[in-house]
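Undergrad: dropping a prediction and its sequence here:
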There are 2 protein chains.
Amino acid sequence: MKKVTISDIAKVAGVSKTTVSMVFNKKDESISDETREKIYKAAKELNYIPNFVAKSLATNKSFSIGIILPDITNPFFSEMARAIEDEANFSGYNVILCNTDNSVKKEEKYVRLLISKQVDGIIFIAGGESKKSLNLIKDNHVPFVLVDRYIEGFENFYGVFCRNYEGVAEGVEYLLNNGKRKIVFVKGPHEVEISKQRFEGYRDTMNKYGLYDENYVFESDFTIDGGKRVTEEFLKDIDKFDAIFYSNDLMALGGIKVLLRSGYNVPKDVSVIGFDNIKISEFIEPELTTIAQPIYEMGKDSFKILLRVINEEEDVEKVHYYTPKLIIRGTA
Amino acid sequence: MKKVTISDIAKVAGVSKTTVSMVFNKKDESISDETREKIYKAAKELNYIPNFVAKSLATNKSFSIGIILPDITNPFFSEMARAIEDEANFSGYNVILCNTDNSVKKEEKYVRLLISKQVDGIIFIAGGESKKSLNLIKDNHVPFVLVDRYIEGFENFYGVFCRNYEGVAEGVEYLLNNGKRKIVFVKGPHEVEISKQRFEGYRDTMNKYGLYDENYVFESDFTIDGGKRVTEEFLKDIDKFDAIFYSNDLMALGGIKVLLRSGYNVPKDVSVIGFDNIKISEFIEPELTTIAQPIYEMGKDSFKILLRVINEEEDVEKVHYYTPKLIIRGTA
DNA sequence: CTGAAAGCGCTTACAG
DNA sequence: CTGAAAGCGCTTACAG
């Protein structure tokens, strides 16, 4: 039951370990076809499967990356993770999944683990003020790219972000153009940067037309349940509103549910806009009007960028911005 | 920029590598408090982070597992993956994510990779006739547990499954008790075992009452889009039906959408039942009546079982069955 | 065209 | 109470 190693193959093929290693690593221009054949034959015969951890130790490359995100159960993140894994797999990399639940403590624990496991890089979707974790990564010289959520103090590192401000502004303009005036805005959690950006897109646009009213601003947590809860709450407080802008689709889904339950007709009585364009948003009835992020593209690109950093390529642009776009569907 | 190793610590603390290693591995009953302190101090000073790949090579344990599943973007799998990762993390294990798109080829490629990376175990949600991959795992003596989808020929290995047949039977009985007679059934893809089990639950129950009619049976692929497509299709073919049983929630979501669009009132004109109870199913309007699998529990347990196999515990039961239960909500 | 030897960073019997 | 040495399965300069 001993595992077959390169030495076993060397023995069977009647050559040295060096030669075997060279053949497997395609550094074999100088090796005769005959030996090469013998080696492949022996490997086949013995059902050889190489030991990557030994290889990693010798080469200082693990061909693994870590992906740190709040919760894989959230469609936005699972779509992102899928894109990253696809691209990583394509380039021969494995992905280690880490769910942080937005806990800075968990992030730090995972970062330590990933460094210990010698990952070649990390894709980091921050759950909050993640400076300590990021500094740890940096101090250990592990390549990383920040995705979706920008972190103050790290603007000079690699990042893939969405133009949140502009996206929301576009959505608000659209609502205004359609005659909406009393637009409720539901912010995301204040710890994360994107919540702020999206809110500012709303605030500034409303202000532009002298329509901003802070009594129409609420905060929740980017979950369906959160969307339900805020909506139930402000339905009690506010009497008049003709549109609701939720900072992400998940909250919009929860909100729409409450609205329908409370007898509102969407979009007749009230328009609703979300943000993200997760897959499910076009499958509910009515279909959700939303600000689409190119999630899959952003995921793929974030791995591509990481790979270029890992390979120490020159001229890799630091910060990458993606422009979201309004998708008009049934709710607004 | 050299990485700090155990030797550096040994040097700074004025002891041998052996002693340092012993201290870090808590095999240090025999080591004086003084040396221990010196070692911890040195480690702290140097910001030491252990190298797990070296450790893995020496101990033949990686504290990584692989999880092979069709698509993390599918809520059923992301909820499952989340449960597994939570439990794994709790026990100090990392999870390597592998999306197969139900491709047997991809499964095999991932299995090879995972074995190469010396994972301590694999959780396998099969995408089809996955015998070759499974045999590879088996031949390399890697512990594994089959989840959700049973594979013929592997009934004597570890597995975590749902009583699909009984679940569907319960749902059908419920529909019948509510006076439904013309019940359409949408099967999952025929390559996977659970499709068959769920279908048989329907067929046998309908037969019991002399109501089975194969013209009411359709097949799709477990996706939302698939649910939409079959529904559009059979709406053309069948004139009379009072209920639809979709083999999973995702297809039910797609189907309901088409029904609503086509002017049907759910559940007045037609009752709908799904299977799985993914989180989203209670957030659509009307809320989906479904057969709930204990997804999170099954995920957690599958890791727990895997861990026991890894640790070579005795008396680990091979096959674990979970009983699903009918959750009555708005659509039936 | 091929091999002996050192090294990657750990652990672990064994010896003292 | 502690250390020297061999070993895990690879790679890679170097030599011939």
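TA: Structure's in. What do you need?
Undergrad: okay, now the unreliable bits of chain A?
TA: A:1, A:28-29 (pLDDT under 70).
Undergrad: tell me the domain ranges of it?
TA: Residue ranges for the domains of chain A, per automatic domain parsing: A:6-50, A:62-162+A:295-323, A:164-293.
Undergrad: in stretch A:213-227, which residues are buried?
TA: A:Tyr216, A:Val217, A:Phe218, A:Ser220, A:Asp221, A:Phe222, A:Thr223, A:Ile224, A:Gly226, A:Gly227 (16 or more other C-beta atoms under 10 Å in any protein chain shown). For the C-beta atoms, the positions are set from N, CA and C on the backbone; glycine is no exception.
Undergrad: these: which ones sit near chain B?
TA: Filtering the buried residues of stretch A:213-227 for proximity to chain B by C-beta under 8 Å from any C-beta of the partner chain leaves A:Ile224.
Undergrad: what's the closest of the buried residues of stretch A:213-227 to DNA strand D?
TA: Checking those against DNA strand D by C-beta to the nearest atom of the strand gives A:Phe222 as the nearest, at 44.3 Å.
Undergrad: sec struct for that closest one, please.
TA: coil (DSSP: H, G, I helix; E, B strand; the rest coil).
Undergrad: repeat for A:Thr290
TA: Under three-state DSSP, A:Thr290 falls in the strand class.
Undergrad: what's the neighbour count on it?
TA: 29 (other C-beta atoms under 10 Å in any protein chain shown).
Undergrad: who's in contact with it?
TA: A:Thr290 makes contacts with A:Asp249, A:Ala252, A:Ile273, A:Gly274, A:Phe275, A:Asp276, A:Asn277, A:Ser281, A:Leu326, A:Ile327, A:Arg329, as judged by C-beta atoms under 8 Å, 6 or more residues apart in numbering or on different chains.
Undergrad: recalculate using a threshold of 6 Å.
TA: Contact analysis of A:Thr290 by C-beta atoms under 6 Å, 6 or more residues apart in numbering or on different chains lists A:Asp249, A:Gly274, A:Asn277, A:Ser281, A:Ile327.
Undergrad: go on, A:Leu136?
TA: Counted by C-beta under 6 Å, 6+ apart, A:Leu136 has contacts A:Val111.
Undergrad: that one: which element?
TA: Counting by DSSP states H and E, the element that carries A:Leu136 is helix A:131-139.
Undergrad: that older thread, from the contacts of A:Thr290, which single one is nearest A:Asn74?
TA: A:Asp249 (10.1 Å; C-beta to C-beta).
Undergrad: isn't that closest one up against A:Ser281?
TA: Yes - the pair A:Asp249 / A:Ser281 is scored as a contact, 4.8 Å apart, by C-beta atoms under 6 Å.
Undergrad: please identify which of the two sits among more neighbours.
TA: Using other C-beta under 10 Å, the more surrounded residue of A:Asp249 and A:Ser281 is A:Asp249, with 28 against 24.
Undergrad: mind saving the C-alpha coords of stretch A:137-155 as PDB?
TA: Provided in PDB are the C-alpha atoms of stretch A:137-155 (Å, rounded to 0.1, in the frame of the first residue of the first chain):
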ATOM      1  CA  ILE A 137      -1.000  39.300   3.700                       C
ATOM      2  CA  LYS A 138       1.100  42.200   2.600                       C
ATOM      3  CA  ASP A 139       3.800  41.600   5.200                       C
ATOM      4  CA  ASN A 140       4.100  38.000   4.000                       C
ATOM      5  CA  HIS A 141       4.400  39.100   0.400                       C
ATOM      6  CA  VAL A 142       1.400  37.100  -0.800                       C
ATOM      7  CA  PRO A 143      -0.100  38.500  -3.900                       C
ATOM      8  CA  PHE A 144      -3.700  39.600  -3.500                       C
ATOM      9  CA  VAL A 145      -6.500  41.400  -5.200                       C
ATOM     10  CA  LEU A 146      -9.300  43.200  -3.400                       C
ATOM     11  CA  VAL A 147     -12.700  42.500  -5.000                       C
ATOM     12  CA  ASP A 148     -16.000  44.400  -4.800                       C
ATOM     13  CA  ARG A 149     -15.100  46.200  -1.600                       C
ATOM     14  CA  TYR A 150     -12.500  48.800  -1.500                       C
ATOM     15  CA  ILE A 151     -10.500  49.200   1.700                       C
ATOM     16  CA  GLU A 152      -9.200  52.500   2.800                       C
ATOM     17  CA  GLY A 153      -5.400  52.700   2.900                       C
ATOM     18  CA  PHE A 154      -5.100  50.000   0.200                       C
ATOM     19  CA  GLU A 155      -5.800  52.100  -2.800                       C
END
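Undergrad: mind listing what's buried in it?
TA: Residues A:Ile137, A:Val142, A:Pro143, A:Phe144, A:Val145, A:Leu146, A:Val147, A:Asp148, A:Arg149, A:Tyr150, A:Ile151, A:Phe154 are the ones in stretch A:137-155 that count as buried (16+ other C-beta under 10 Å).
Undergrad: again, but for stretch A:73-91
TA: Neighbour-count burial for stretch A:73-91 [16+ other C-beta under 10 Å]: A:73-89.
Undergrad: next, A:Pro294: phi, psi?
TA: phi -80, psi 70 (degrees, to the nearest 10).
Undergrad: measure it to DNA strand D for me?
TA: Distance, A:Pro294 to DNA strand D, using C-beta to the nearest atom of the strand, to the nearest Å: 37 Å.
Undergrad: nearest residue to that residue other than its sequence neighbours?
TA: A:Tyr322 (5.5 Å; C-beta to C-beta, 6 or more residues apart in numbering or on different chains).
Undergrad: residues making contact with stretch A:54-61?
TA: Stretch A:54-61 is contacted from outside by A:Ser62, B:Val53, B:Ala54, B:Leu57, using C-beta under 6 Å, 6+ apart.
Undergrad: run the last query once more with 8 Å
TA: Stretch A:54-61 is contacted from outside by A:Ser62, A:Phe63, A:Gln118, A:Asp120, B:Asn51, B:Val53, B:Ala54, B:Leu57, using C-beta under 8 Å, 6+ apart.
Undergrad: just those residues now: which is nearest A:Phe234?
TA: Nearest to A:Phe234 among the contacts of stretch A:54-61: A:Asp120, at 46.7 Å, using C-beta to C-beta.
Undergrad: I'd guessed the closest one sits against A:Ser62; true?
TA: Yes - because the distance of 5.6 Å satisfies C-beta atoms under 8 Å, A:Asp120 is recorded as touching A:Ser62.
Undergrad: related to what we said a few turns ago, gap between the residue nearest to A:Pro294 and A:Tyr296?
TA: According to C-beta to C-beta, to the nearest Å, A:Tyr322 and A:Tyr296 sit 11 Å apart.
Undergrad: find the residue at the geometric middle of chain A.
TA: For chain A, the residue nearest the mean C-alpha position is A:Met80 (4.4 Å; C-alpha atoms, centre = their mean).
Undergrad: quick check: closest non-adjacent residue to it.
TA: Leaving out its chain neighbours, A:Met80 is closest to A:Gly299 (C-beta to C-beta, 6+ apart), at 4.4 Å.
Undergrad: same check on A:Glu200?
TA: Counting by C-beta to C-beta, 6+ apart, the residue nearest A:Glu200 is A:Tyr165, at 5.7 Å.
Undergrad: residues in contact with the one you found?
TA: A:Gln197, A:Arg198, A:Glu200, A:Gly201, A:Asp204.
Undergrad: make it 7 Å
TA: The neighbourhood of A:Tyr165, defined by C-beta atoms under 7 Å, 6 or more residues apart in numbering or on different chains, consists of A:Gln197, A:Glu200, A:Gly201.
Undergrad: name the member of these that has the highest neighbour count.
TA: A:Gly201 leads the contacts of A:Tyr165 on contacts (other C-beta under 10 Å) with 26 neighbours.
Undergrad: is it true that A:Asp225 lies in a helix?
TA: Yes - assigned with three-state DSSP, A:Asp225 falls within a helix.
Undergrad: tell me the contacts of it?
TA: A:Gly254.
Undergrad: please apply the same query to the one 10 residues further on.
TA: Neighbour list for A:Leu235: A:Ser262 [criterion: C-beta under 7 Å, 6+ apart].
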